[in-house]
Structure formats: structure tokens, C-alpha cells
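[1] I'll drop the sequence and a predicted model, then ask my questions.
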Amino acid sequence: MCTAVAPASMSEAMEMLDSVMGFIADAAAAPMPAEAAAEILRGLERTDAVEAAARGRLLVAFDAKDGHLGDGQRTSRAWLVHSTRVTRGQAGEYKAIETLARDHQPLLAGLRERAVTKSVALQLAKWTRSIPAEYREQAEEILVAAAHAGADQRALAQICAEIRYRTAPPDPQDENDKHLDRGVSLDTTIDGAGLIRGDLTPACAAMVQAVLDALSAPEGGGDLRTRPQRYHDALAEAMKRLLASNLLPRRAGQPVKALVHIYFAELCEMDAGSVLQDKWIAEYRAQWAAHRAAASVVTGDGGAWLEGDAARAIACDAMIVPVVTGDIDPIPLEELIALCAQYHRIHTQGPADVSSATGVTEQTAGAAEVLAMLEHQILATVIQIVSGPGGVASFLRRNLLGKGLNGPSLPLDVGQTDDVPVHLRRLVALRDQTCQFPGGCDQPAAACEPHHVVHRADGGRTSLTGLKNWCWWHHHVVLHQMGWTLTVHPDGTSQVRSPGGKAIRSHGGKTIRSHGPPSRPG
């Protein structure tokens, strides 16, 4: 005889549930008869129904207390994705269960009593949504009773359709019915393939069907494509024709904007014998000498006169924007420091033996020649570390790549400004991709705005490293309105901290880190 033991707390109940499910998972690993496996599978489906009822009620209570705000999340759906580590699709199902628990009490009771499975209950909730509110509860009670008596999904659909026909008022045929469910989502897989999900209105479905049927005809007897494959190709052809039709709204005068990524190392490999690199060093040394001469006459303002390619960088209007990327190489830093120290000593204190740095002794070359060779080595080392609009990366790209990719560069740092320039916004969006709230946010770069890591009033700079993309809600509500504070560490990780009791419905003193491991997989 087995006696059930009631848990003393919710925590103890969860531990018991974990233990039971672990026992079943371990037992299922061993060979067993198909009949035994079938019984366990049916039992798990009944358990899943009860679990769904519990989850729905918990989500209703969680939302009633605005629990998502305690972790700085905009909605409970976002909280589910980033705090419980489930997919967006799973979070959507959980929200549907919450809606069922809040608005469909008979179906919730049917779940708790194991009369219907979770998937059937969710389907019945969709079907009964169009039944007038005054009849909906009674209709759901009839459906649950029928399911309990053994009715299958087909029979339940017939019952629901008859109830809806007998109770629903005439359709006003309002094409702008705001309550009509419709929507399309486009996701990508880990391999970059697209995944489309959608609920289409009847009119939209008819148009899509007509287009796909018109463009998916088999190409002769040798066409071995399946119908879904032909529909895929038809959709691609339709999109291609639409893009070529010149009917889409343009973006800044162009239908498409492409960012072409080129690694700096690839540009260097294309420069055979470093001919262009040496040419750039020579040109830059001449500009450097001119700047030093001007600075010796008058006090400079920290700026520099630009001409040629560097000056044209301010007139960037190409819709194909090349972005040259490269990893910072820390190895040349020590060499650069040594070269600069050597250059400074010779320039200020006079000649000394510099054979270790240049391979040429001062007995065979004058101080001016040694300084010139040091300048060459310093500049050659600098280009391994960083490059700007007038730098060697831009110079190589303009001279090595063809039309469309040889326009002026975008500066990587614009210093202090009253606004964030469009080119810097592009770079921040390209780097961050989504909102950078440490707790996680799926808002894409197009829906975000650059946020100064250090406020400009406190000396924060309008630069690539001084900006992070945040969506409007996390930027203006979480940071500025609710008073959370952002800290960015030198390694690029970040954290936010709630203000204690200052924020509306604050949960107080919580720190959320971008680099913290998940508490438990979803």
C-alpha cells in the first residue's frame, strides 16, 4: 500500500515533482514493453494538462503583480524568453495558456480534471472566441463535457460550429474589424534559413494562393519538385519580381542598402609587396610634417586640416556602405610603445644607438634619417592596430576594390556632439544587432537608439565604444524613468541595477548581468 505525502511548501512540491519526473525519465531509458510505454505516455499527457492549468494560474498571478518589471523586462512574454530561457514560440504558447486561465474558466477546469489535453484546450479556446460572451461559458462547459465523454476533435469542432452558428449575430462584414486575428512573422534558423508563420485574412489568403498557383506550375515532365518546393520557388520569384518592379518605397533614394564586410587582413593580402601601404605611409608622413609645422607657429585647436580622400569622407552618400573590419592585434602594441619611446628620446635628447629598433646605427646614418625610419616603422605598426577614415584600411579599399565599394569611409569616433550622427548609428546597429539590455531583449537594431554608456553631462563621449543600442522602453523607461543604473566593464560585459525603492513597483536592489550564466535551462 502506498500513501501520498503532501508537501509542506511550494518549494518542496517542486522538488518532489523534479524527483518524480527524473524517476520516469531514468526508467524510460530501460527497455520496456510497448504497452507499458503507451500507458506512461498517456499518463504524461494527463500530467501535462494539470501542469498547464497550474502554469496558467501562476502566469495570471505573475502578470497581476507586474512581475516582469522586477527583471527590467517590458512584458511577461519577454520575461519568459530571457528569464526562463524558452523560445519565443514556447513563450507564445505559455501566454495562450495564461489567456485560457484568465478568460476560459470551464476549459481551465477541464485541464485540471484531465478531461481535455493542453493542445485540445488551446484549440477550443480559439474556436469559442467568436461565440458571443454571454454564451461562451456555457458552450465551453458543453464542449468539456463532450470531451470527457469521449468526443474526438472532429466531433468537438462540429459541436462548436453549431453553437457558434446558433448564437453568433450576423457578420457586419467590416473589412476593418480590429478584432480579426492576423499577423505574419519571419524568423531564421541557426543555418540562416527562413521560417514563416502567419494567420492570414481570407482576402489575403486568396491573393497569396493566386500568386503561388500562378508561379508554381511544373516545368515540364522532368520537374521533380514537390508542391511545397514549387510554392517556395514561387514565393521567391514573386519577391524577385516585386523588387524589380520599382513599386516598393525607397530607403534614402535606394530600394536596398547593402553592408559589405571586408577583413583588413584580406585587403593587406591583396596589396602585393605592400606597394599601396608604403604609398599611404609616404602621403601620411607628408601630412604629419605639415601639421607639425603649423603647430609650431600657432596654438592648434586639436583639429587637423584634411584634403583629398580624407576630406571626402564627410560627404558619404553611397547606399552601398563598405564596412572594413579587423581584430585588434595586441602584439604590436609593445613594439609601438618601444618605437615611440625611442623616437622621443632621439628627437629630444640627441643621437643614440638605435640599431635594435631600426637595424641602422647612427654611425652610418644621421639623426634625421634615423627619425625618418622610425616614423616609417611607427606608422607601419599603427596600421596593424587601428584605422580610420583616412587610414590604410580605407586607402587599400578605395584602391583595390571596384566601383560601389570604393566610396569614402565612415569615421569610427566623432568625439563630443549634440547628436549621434547617422554613420555612427549605423556602426552601433551593425555591432549590437539588438537591444543590449543585460537581461536580454529581442528588439532589433531598427527599433533601438544609441544610448550613451556615460551620460554626456558626466563627460561621456559620442563614440563607438561610448554607445550601446537600447530599445526605447529599456532606454527611457527602465534607465531614465525607473532609475536603473548601467555599468559597462572594460571587457565589454555590462550590468544594470534597480534603484531600490525609487522605481514604480520596484522589486529593489536587483543586479542583472549580461555575462551571468542562466540559472536553469528552459
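    Arrived safely. Keep in mind the model is a prediction, meaning the values are calculated, not measured.
[2] report the longest helix in the protein, please.
    When the chain is scanned for its longest helix (criterion: DSSP state H), the result is helix 34-64.
[3] for the helix or strand following it, name the packing helices and strands.
    Scanning forward in sequence from helix 34-64 by DSSP states H and E, the next helix or strand is helix 76-83. Here helix 76-83 touches helix 34-64, helix 88-103, going by 3 or more C-beta pairs under 8 Å, 6 or more residues apart in numbering; DSSP states H and E. Yep, even glycine has a C-beta here, placed from its N, CA and C like the rest.
[4] ok, and which of the ones you listed has the densest surroundings?
    Of the helices and strands packed on helix 76-83, the one with the most neighbours on average (mean count of other C-beta atoms under 10 Å) is helix 88-103, at a mean of 18.
[5] whichever helix or strand comes after it vs helix 34-64, what angle?
    Sequence-wise, the next helix or strand downstream of helix 88-103 (DSSP H and E) is helix 105-112. Interaxial angle, helix 105-112 versus helix 34-64 (axes from the mean of the first three to the mean of the last three C-alpha atoms, to 10 degrees): 140 degrees.
[6] and the closest residue in space to L427 that isn't next to it in sequence, how close does it get to P450?
    Residue nearest to L427 in three dimensions, not counting chain neighbours: L464, with 5.6 Å by C-beta to C-beta, 6 or more residues apart in numbering. Distance of L464 to P450, computed by C-beta to C-beta, to the nearest Å: 10 Å.
[7] please name the bridge partners of the spatially most central residue of the chain.
    When C-alpha atoms, centre = their mean is applied to the chain, the residue found nearest the centroid is T434 (3.6 Å). On the basis of DSSP bridges, T434 is bridged to P444.
[8] that one contacts V428, doesn't it?
    No - at 11.6 Å, T434 does not count as touching V428 under the criterion of C-beta atoms under 8 Å.
[9] when L464 and P450 are compared, which one has more neighbours?
    Ranked by neighbour count (other C-beta atoms under 10 Å), L464 and P450 place P450 first, with 23 against 15.
[10] part of a helix, is the more buried one?
    No - applying DSSP: H, G, I helix; E, B strand; the rest coil, one finds P450 to be strand, outside a helix.
[11] what about it, distance to Y135?
    Look at P450 and Y135: by C-beta to C-beta, they are 53 Å apart.
[12] need the overlap of contacts for L464 and P450.
    L424, V428 (C-beta atoms under 8 Å, 6 or more residues apart in numbering).
[13] other SSEs contacting the one helix or strand A429 maps to?
    According to DSSP H and E, A429 maps onto helix 422-432. With contacts taken as 3+ C-beta pairs under 8 Å, 6+ apart, helix 422-432 sits against strand 320-325, strand 448-452, strand 467-471.
[14] got the angle for the second one vs helix 422-432?
    So that's strand 448-452. Put simply, strand 448-452 runs at 100 degrees to helix 422-432, going by the same axes, to 10 degrees.
[15] so which elements touch strand 448-452?
    So strand 448-452, by 3+ C-beta pairs under 8 Å, 6+ apart, packs with helix 422-432, strand 467-471.
[16] mind doing that once more with 6 Å?
    Strand 448-452 is packed against strand 467-471, with contacts defined by 3 or more C-beta pairs under 6 Å, 6 or more residues apart in numbering; DSSP states H and E.
[17] cool, and the last one?
    For strand 467-471, the contact count by 3+ C-beta pairs under 6 Å, 6+ apart identifies helix 422-432, strand 448-452 as packing neighbours.
[18] quick one: average pLDDT of it?
    For strand 467-471, the mean pLDDT works out to 86.
[19] tell me how many other residues crowd H474.
    Per other C-beta under 10 Å, the neighbour tally for H474 reads 27.
[20] please name the nearest non-neighbouring residue to it.
    F437 (4.4 Å).
[21] measure the one you found to V478 for me?
    According to C-beta to C-beta, F437 stands 7 Å off from V478.
[22] show me which of these two is the more surrounded one.
    Taking neighbours as other C-beta under 10 Å, F437 and V478 compare with F437 leading, 31 against 24.
[23] and the more buried one, what are its phi and psi?
    Main-chain dihedrals, F437, degrees, to the nearest 10: phi -60, psi 130.
[24] any idea how far W473 is from it?
    For F437, the distance to W473 - C-beta to C-beta - is 9 Å.
[25] and the strands in this protein, which stretches?
    Using DSSP state E, the strands of the chain run over 183-188, 194-199, 258-263, 320-325, 448-452, 467-471, 485-488, 494-497, 511-513.
[26] comparing those, which comes out most buried?
    Comparing the strands of the chain by mean neighbour count (mean count of other C-beta under 10 Å), strand 467-471 ranks first with a mean of 23.
[27] and after it, which helix or strand comes next?
    Assigned by DSSP H and E, the successor of strand 467-471 is helix 472.
[28] what about that next one, distance to the chain center?
    Centroid separation for helix 472 versus its chain: 15 Å, with C-alpha atoms, centre = their mean, to the nearest Å.
[29] run through who's touching that helix.
    Outside of helix 472, no residue comes within contact range by C-beta atoms under 6 Å, 6 or more residues apart in numbering.
[30] again, only this time at 8 Å
    Here helix 472 makes contact (C-beta under 8 Å, 6+ apart) with A447, C448, E449.
[31] for stretch 228-243, same thing?
    211-218, 223, 225, 248, 255-256.
[32] of the residues you listed, buried ones?
    Buried members of these, counted by 16 or more other C-beta atoms under 10 Å: V211, L212, L215, S216.
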